[in-house]
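*Asks:* this one's structure only:
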């Protein structure tokens, strides 16, 4: 009995203790922490939904759409909500797979987070936002999902705007593409969360990236009360999204199409070519009228998520890395198109503009013979004829003598380097500053550059001088590379005579981009100002009013006299009629539209020559500059020059098309549009 009474006492104590603990805890929850839990409970029932803004369209100079929006039914999945389910959302995904007719493994891949070792498709955006898993959804399937939310918790179907490309592949690299904003970006960039809806996309390349903030607009906000099933009970607060600005560009869609077609034809004619680029610039304003690159790709590949196969193709060497714009990022030796800079340097360094120059079939420097193109010998000629006939030996001599005056292999304390200095004045060796990401600077070799290169590569060159290149399969190339490494190890800091000679004709270590060359020619034949090219012309409000015009900065004036610039322009004006491009322009009505220009053929070790033609028209009062580069295209006169001819024929409406009918001119008077297009209040053109 005593034992039983003891047990009852212990039980009573335990019950009383539990009641005391419960009372204390209730007092803490309701009194001490009551206000905090009320707030938490309210937040649990309140959902803030950011409503995406309509992204602004991208138009050409006449108001024609380059990128526009189209609406589509999109089904999205809240991965976080699925993960909180007992089965991780497996049952929901199985039902969704049946409704959408999408394989279950594909749905699971779509909602995975992208990361190292994760193949596409995957979700590169924030894990806390709905993940689109299907676009262009059948309305019946979307309605089934919305009406049976108890079967599809965490799944939504709504109408969203998606990017549309009415011109297909045209200007793909220039326009850029969109991808979801990542969680790390939301966390790092202050104010970004307020501007993104969570399902918005952000510009990753091209104009979409440069003008992302303006095109994106401002997301709206809806604060709603929901029940435990997630269904909306009432709307507490709502602000409408503000559509993004419309970007009007200086691109002319008709000229762009002509350039694209001309590059396609050039690539077809030269099967071994691995790339090409074309640029058309407005001489007077510095605005880009057209810009194309090959290989290119279909920008619609990004819409609705990209597959692993397509993503790898865009980045692979085998496909030519079509994401890269060779117009601004491709670096190539310019060949004889570079002679405008060398000729300007010769005159600035004291040569007579109206002097006489010897053009032998070859020029010998330190025991090595440097032949003229084709070994031709023209005897005593003017600088005018040296440019028209593209006499290399005239420039070899000038480059070598300038190198000697600077001290040769033992340079003076202060070197003049006239040719490299003039090349940099033309804008070579640095970025143009165009309103596109990913631009390359090119390269102009100088004595200082050679010393910096030596200091950074000496250890590796000396190592290679000993072990060679056993990984190279071609024995002759491996032997050549080893000899070069040995030379660089011993005297890699010396700027040699052969480097000065090669520089004079745009060879050796000289690298430029097609855009840089176009800008240089625009400065030469225009007003002498070096401009930073622009594609964006103006930002317009959605109602058609002007928000901001985008100016083209003038960086500086060329250190070349008007007399010299006029002299060189007149010489180049005879290249298509009497010079190296005469064959390419045979039959072209030069009496109607006179074209000026310069061919370029640049040697590339282990590959075919790079083909160039830089041109301008009308030759007497230039308004447009057109440059075409075809990698591994052979002679400039045989590949690039005919491509440029086709572009001029399309611009001015000269000749006949594929159907033997007269070509309709893209720019009847050869002048770009000078007034912004009118946009209606509803945003239509």
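*Replies:* Looks like it arrived, so ask away. These figures come from a predicted structure and were not determined experimentally. Numbering: from 1, shown residues only.
*Asks:* so the closest residue to residue 378 other than its chain neighbours versus residue 601, what's the distance?
*Replies:* Spatial nearest neighbour of residue 378, chain neighbours left out: residue 359 (4.0 Å); criterion: CB to CB, 6 or more residues apart in numbering. The C-beta positions use only the backbone N, C-alpha and C, and glycine is treated the same way. In this structure, residue 359 lies at 17 Å from residue 601, with CB to CB, to the nearest Å as the measure.
*Asks:* now residue 414
*Replies:* Following CB to CB, the distance that separates residue 414 from residue 601 is 35 Å.
*Asks:* SS state for the spatially closest residue to residue 635 that is not a sequence neighbour?
*Replies:* The spatially closest residue to residue 635, leaving aside those adjacent along the chain, is residue 601, at 5.0 Å (CB to CB, 6+ apart). Residue 601 carries the three-state label strand when classified by DSSP: H, G, I helix; E, B strand; the rest coil.
*Asks:* for residue 601, give its distance to residue 552.
*Replies:* Distance check for residue 601 against residue 552: by CB to CB, it reads 32 Å.
*Asks:* same question, residue 452
*Replies:* Going from residue 452 to residue 552 by CB to CB gives 33 Å.
*Asks:* cool, residue 397 as well?
*Replies:* 38 Å.
*Asks:* and what of residue 112?
*Replies:* Residue 112 sits 45 Å away from residue 552, going by CB to CB.
*Asks:* which of the two has more neighbours?
*Replies:* residue 552 (19 against 15; other CB atoms under 10 Å).
*Asks:* which SS class is the more buried one?
*Replies:* Secondary structure of residue 552, reduced to three states by three-state DSSP: coil.
*Asks:* do the same with residue 179
*Replies:* Classification of residue 179 using three-state DSSP returns strand.
*Asks:* which residues does it contact?
*Replies:* Listed by CB atoms under 8 Å, 6 or more residues apart in numbering, the contact partners of residue 179 are 124-125, 201-202, 204, 302.
*Asks:* now do residue 354, the pLDDT please.
*Replies:* Note for residue 354: predicted pLDDT of 94.
*Asks:* meant to ask about residue 46
*Replies:* According to the predicted model, the pLDDT of residue 46 comes to 63.
*Asks:* can you give me the offset of stretch 374-388 from its chain's centre?
*Replies:* In this view, stretch 374-388 has its centroid 39 Å away from the chain centroid, taken as CA atoms, centre = their mean, to the nearest Å.
*Asks:* tell me the buried residues in that stretch?
*Replies:* Using 16 or more other CB atoms under 10 Å as the burial criterion, the residues of stretch 374-388 that qualify are 378, 381-388.
*Asks:* now, which of these sits nearest residue 661?
*Replies:* residue 388 (35.1 Å; CB to CB).
*Asks:* the closest one is in contact with residue 581, isn't it?
*Replies:* No: the criterion here is CB atoms under 8 Å, and residue 388 misses it with residue 581 at 9.8 Å.
*Asks:* between these two, which contacts overlap?
*Replies:* Listed as contacting both residue 388 and residue 581 by CB under 8 Å, 6+ apart are residue 575.
*Asks:* ranges for the helices of the stretch 501-650 of the chain?
*Replies:* Under the criterion DSSP state H, counting those that start in this stretch, the stretch 501-650 of the chain contains helices at 514-525, 562-572, 575-578, 641-652.
*Asks:* looking at the third one now, give me its mean pLDDT.
*Replies:* Think helix 575-578. pLDDT averaged over helix 575-578 equals 97, rounded to a whole number.
*Asks:* packing partners for it?
*Replies:* Using 3 or more CB pairs under 8 Å, 6 or more residues apart in numbering; DSSP states H and E as the contact definition, the elements that helix 575-578 packs against are helix 383-388, strand 596-602.
*Asks:* show me what counts as buried in that helix.
*Replies:* Within helix 575-578, the residues that qualify as buried by neighbour count (16+ other CB under 10 Å) are 575-577.
*Asks:* let me have those residues in JSON lines, adding distance to residue 635 as columns.
*Replies:* JSON lines is the format used below for the buried residues of helix 575-578 (distance: CB to CB, whole Å):
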{"residue": "575", "distance to residue 635": "14"}
{"residue": "576", "distance to residue 635": "15"}
{"residue": "577", "distance to residue 635": "18"}
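*Asks:* show me the domain layout of this structure.
*Replies:* Using automatic domain parsing, the domain ranges for the chain come out as 47-246, 253-333+514-652, 335-504.
*Asks:* pick the most deeply packed of those.
*Replies:* Each of these was given a mean neighbour count from mean count of other CB atoms under 10 Å, and the largest, a mean of 21, is that of domain 253-333+514-652.
*Asks:* what is the least confident helix or strand in this protein?
*Replies:* helix 192-195 (a mean of 49; mean pLDDT, DSSP states H and E).
*Asks:* helix or strand next in line after that helix, which one?
*Replies:* Secondary structure here is assigned by DSSP states H and E; on that basis, the next helix or strand after helix 192-195 toward the C-terminus is strand 201-203.
*Asks:* pull up the pairing partners for that following strand, direction included.
*Replies:* Under the criterion DSSP bridges, strand 201-203 sits next to strand 178-180 (antiparallel) in its sheet.
*Asks:* shaky segments in this structure?
*Replies:* Low-confidence regions of the chain, defined here as pLDDT under 70, cover residues 1-8, 10, 29-50, 126-128, 182-200, 222-236, 304, 681-685.
*Asks:* re the thing from before, which stretch among the helices and strands packed on helix 575-578 comes nearest residue 129?
*Replies:* Closest of those to residue 129 is strand 596-602, at 49.1 Å (criterion: CB to CB).
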